[in-house]
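K.L.:
prediction below, plus the sequence it came from.
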Amino acid sequence: MDSIKTPPNNVEAERAVLGSILLDTTGRSEDRVMDLCLTGAVTPETFYDPKNRAIYAAMVSLNRLGKPLDALVLIEHLRADGKLEAVGGVGYIESLIDQTPTTAHAEHYIGIIRGKHLRRTMIDRATEVVGKCFDEKEYPDPQTVLGEAEKSFLEIGVTNDKTMSWDAAIDDSFHRINAMFTADGNTFEGLSTGLKHLDEKLQGLKNSEMIVIAARPSVGKTSLAMNIAESCALGQMLTLSGGGYPPVKSDGGKRHPVMIFSLEMPVEALTKRMVAGRAHINMWRLNRNICAKDEKQRLMGNLFTAVSELKGAPIYVDDSAGLDIMDLRARARRAKKQWGIELVVIDYLQLCTCREAARQASRQIEVSMISQQIKAMAKELKIPVIVLSQLSRANEQRGDRFEKPKLSDLRDSGAIEQDADVVFLLRRPSRNAADPESSDEHLAIIDVAKNRNGEIGEVRANFVREYVRFEDRPLEVKEPEGFQTSEPPPFGPEHFQDPLI
């Protein structure tokens with residue numbers, strides 16, 4: 001029947017690969033073909049014929065044991081495991097060598113069997129999706145099926161073996177450290193936040209890091225995250241200087257594509273806030289028509305400039321509400337392939353869901369799994385991921401007049417603190433009448449409470465509430481008593497975080 005088709009395969013190419021492995025042991029570059037298979041993610045499942053699959057599995061075992069991959073050793077290994085007759089006996093093993101004249105085309109044969117395996121994998125995944133589409137009882141929400149299908153297909157071809165050799169890792173570290181000797185003080189490893197003093201403390205947002213911005217509601221965590229996203233996408237600092245926004249010096253003003261998952265605000269509100277903030281427009285005054293005519297004309301010029309700059313920015317927004325964390329990972333993976341995103345912003349963690357944990361009826365477990373998935377996403381995509389998080393009311397109930405938040409105030413789960421590489425605890429003294437600095441309406445304190453790979457401590461910035469925008473704040477230098485040098489005071493060990501914490 002034509003309706004029953006044989007899955008894609010090429011048994012002759014499979015035999016040629018196995019024969020090349022056996023022939024290769026007699027050459028000068030021993031196990032070259034086997035190395036090509038292992039680095040090319042060839043597994044026993046890559047082979048369609050059960051005999052070839054069993055033979056390759058035995059070869060992998062011998063390779064791991066450090067034994068030679070010749071016909072005699074392979075035959076004895078299969079005989080000891082009781083599989084020799086099942087694969088066709090001694091005659092089949094010898095025929096693999098006889099029918100493979102040279103190992104020169106081994107890479108071509110490997111490419112053929114990998115292509116066939118890829119096709120079979122796609123057929124299997126598609127069949128699973130079809131089954132879920134028909135099973136409305138188990139999968140009542142079609143969006144769930146769509147999300148799992150997207151994730152399943154995007155994972156095809158992604159190898160989990162991302163191990164870097166020790167020599168390569170040492171060389172990479174050498175080049176990074178060596179670059180610091182010739183740096184002019186404006187170069188650092190990660191992406192710029194757009195705030196000079198915060199960059200100095202963090203040395204940038206580094207790849208594979210999960211950065212948490214935590215605060216109580218309406219303190220400015222979304223504004224800080226959006227300002228950082230804007231700075232990365234445009235390659236410009238956030239503070240006006242000389243009539244404009246200066247380029248980020250660390251990478252020459254390079255633009256970095258940013259993906260924003262806005263689970264709380266619609267994209268229209270997000271872009272309106274970003275445009276108004278960059279143009280320095282007070283939306284409250286404009287809405288109430290209390291701006292003078294000449295002021296409106298000036299603001300109109302600012303508006304056109306801001307719009308022209310932001311229209312070309314490589315910023316991509318997904319404002320789907322209640323997004324499942326696995327769907328979010330799949331969409332981020334697709335954005336990485338399609339647009340080459342270099343930063344992900346998630347606003348905010350507590351609005352994410354996790355279907356896998358929902359049945360356990362524990363919000364703490366669900367948040368813990370969401371946090372783990374976000375950290376795994378940062379490592380998989382090798383880019384920094386900024387995630388916003390709510391704080392509990394604990395800082396308001398401790399009796400501390402400063403109401404300084406702590407890492408333990410992160411809401412719903414201690415896993416957020418554990419998984420995060422960097423944690424910002426954001427507060428504004430003007431919101432607390434008991435704070436000695438409550439009269440300073442612009443002061444915002446970004447407390448770097450955790451920094452796995454660097455310095456911790458507070459960074460003082462300006463938050464211009466009228467424009468919903470963060471800017472650098474002039475340093476307030478206070479020389480310690482008895483310090484009689486123009487050099488800045490040395491940092492003690494209390495300024496650094498144990499990298500193992």
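P.N.:
Nice, I can see it. Numbers count the residues shown, from 1 in each chain.

K.L.:
helices of the stretch 351-500 of the chain, start to end?
P.N.:
355-358, 363-381, 394-397, 415-419 (DSSP state H, counting those that start in this stretch).

K.L.:
contacts for whichever helix or strand Ala13 is part of next, please.
P.N.:
Ala13 is part of helix 11-24, with elements assigned from DSSP states H and E. Contacts with helix 11-24, where a contact means CB atoms under 8 Å, 6 or more residues apart in numbering, come from 30-34, 37, 42, 47-49, 52, 55-56, 59, 69-71, 74, 93, 95-97, 99-100, 102-103, 105-106, 109-110, 112-113, 116. All C-beta atoms are positioned from the backbone trio N, CA, C, and that covers glycine.

K.L.:
now the residues you listed: which count as buried?
P.N.:
Buried members of these, counted by 16 or more other CB atoms under 10 Å: 31-34, 37, 42, 47-49, 52, 55-56, 59, 69-71, 74, 93, 96-97, 100, 103, 106, 109-110, 112-113, 116.

K.L.:
where does the stretch 201-350 of the chain dip in pLDDT?
P.N.:
Scanning the stretch 201-350 of the chain for pLDDT under 70 picks out 242, 284-298.

K.L.:
can I get the helices of the stretch 351-500 of the chain in JSON lines including mean pLDDT, distance to Glu148 and mean neighbour count?
P.N.:
Formatted as JSON lines, those follow (pLDDT from 0 to 100; distance: least, CB to CB, whole Å; neighbours: other CB atoms under 10 Å):
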{"stretch": "helix 355-358", "mean pLDDT": "67", "distance to Glu148": "9", "mean neighbour count": "16"}
{"stretch": "helix 363-381", "mean pLDDT": "86", "distance to Glu148": "14", "mean neighbour count": "20"}
{"stretch": "helix 394-397", "mean pLDDT": "65", "distance to Glu148": "37", "mean neighbour count": "14"}
{"stretch": "helix 415-419", "mean pLDDT": "83", "distance to Glu148": "24", "mean neighbour count": "20"}
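
K.L.:
to Val448, which of these lies closest?
P.N.:
Of all those, helix 415-419 sits nearest to Val448, with 13.5 Å by CB to CB.

K.L.:
which strands or helices does the closest one pack on?
P.N.:
Where contact means 3 or more CB pairs under 8 Å, 6 or more residues apart in numbering; DSSP states H and E, helix 415-419 is packed against helix 363-381.

K.L.:
secondary structure class for the residue located most distally from the centre of the chain?
P.N.:
What lies farthest from the middle of the chain is Gly91; by CA atoms, centre = their mean that is 51.2 Å. Taking DSSP: H, G, I helix; E, B strand; the rest coil as the rule, one finds Gly91 in the helix state.

K.L.:
same deal with Val212?
P.N.:
Val212 - assigned by three-state DSSP - is strand.

K.L.:
residues near it, how many?
P.N.:
28 (other CB atoms under 10 Å).

K.L.:
run through the residues that contact it.
P.N.:
Applying CB under 8 Å, 6+ apart, the residues near Val212 are 349, 386-389, 410, 416, 420, 422-424.

K.L.:
need the residues you listed in a markdown table (columns: distance to Asp171).
P.N.:
Putting those into a markdown table (distance: CB to CB, whole Å) gives the following:
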| residue | distance to Asp171 |
| --- | --- |
| Leu349 | 37 |
| Ile386 | 30 |
| Val387 | 32 |
| Leu388 | 37 |
| Ser389 | 37 |
| Leu410 | 38 |
| Ile416 | 35 |
| Ala420 | 29 |
| Val422 | 26 |
| Val423 | 32 |
| Phe424 | 33 |
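
K.L.:
which of the buried ones among the contacts of helix 11-24 fall in helices?
P.N.:
Judged by DSSP state H, helices contain the following of those: 32-34, 37, 52, 55-56, 59, 71, 74, 93, 96-97, 106, 109-110, 112-113, 116.

K.L.:
if I pick the residue most central in space within the chain, what's in contact with it?
P.N.:
The centre of the chain sits closest to Ala378, judged by CA atoms, centre = their mean, with a distance of 2.3 Å. Applying CB under 8 Å, 6+ apart to Ala378 gives the contacts 208-210, 344, 384-385.

K.L.:
what number of residues lie near the nearest residue to it once chain neighbours are set aside?
P.N.:
Closest residue to Ala378 apart from its sequence neighbours, by CB to CB, 6 or more residues apart in numbering: Val385 at 4.2 Å. Neighbourhood size, Val385 [other CB under 10 Å]: 26.

K.L.:
residues in contact with Val385?
P.N.:
Val385 touches 209-211, 343-346, 374-375, 377-378, counting by CB under 8 Å, 6+ apart.

K.L.:
for Val464, see how far away Asp318 is.
P.N.:
Going from Asp318 to Val464 by CB to CB, to the nearest Å gives 28 Å.

K.L.:
kindly report the same for Glu138.
P.N.:
52 Å.

K.L.:
so what's the residue count around the residue lying closest to Ile446 once chain neighbours are set aside?
P.N.:
Once flanking residues are discounted, Ile446 sits nearest to Val459: 4.5 Å by CB to CB, 6+ apart. Using other CB under 10 Å, Val459 has 21 neighbouring residues.

K.L.:
the one 4 residues further on now?
P.N.:
Phe463 is surrounded by 24 other residues when neighbours are defined as other CB under 10 Å.

K.L.:
just checking, it touches Ser218?
P.N.:
No. Assessed by CB atoms under 8 Å, Phe463 is found out of contact with Ser218, at 11.7 Å.

K.L.:
what is the burial count for Thr6?
P.N.:
Around Thr6 there are 6 residues (other CB under 10 Å).

K.L.:
and it, that's in a strand?
P.N.:
No. Counting by three-state DSSP, Thr6 is located in no strand; its state is coil.
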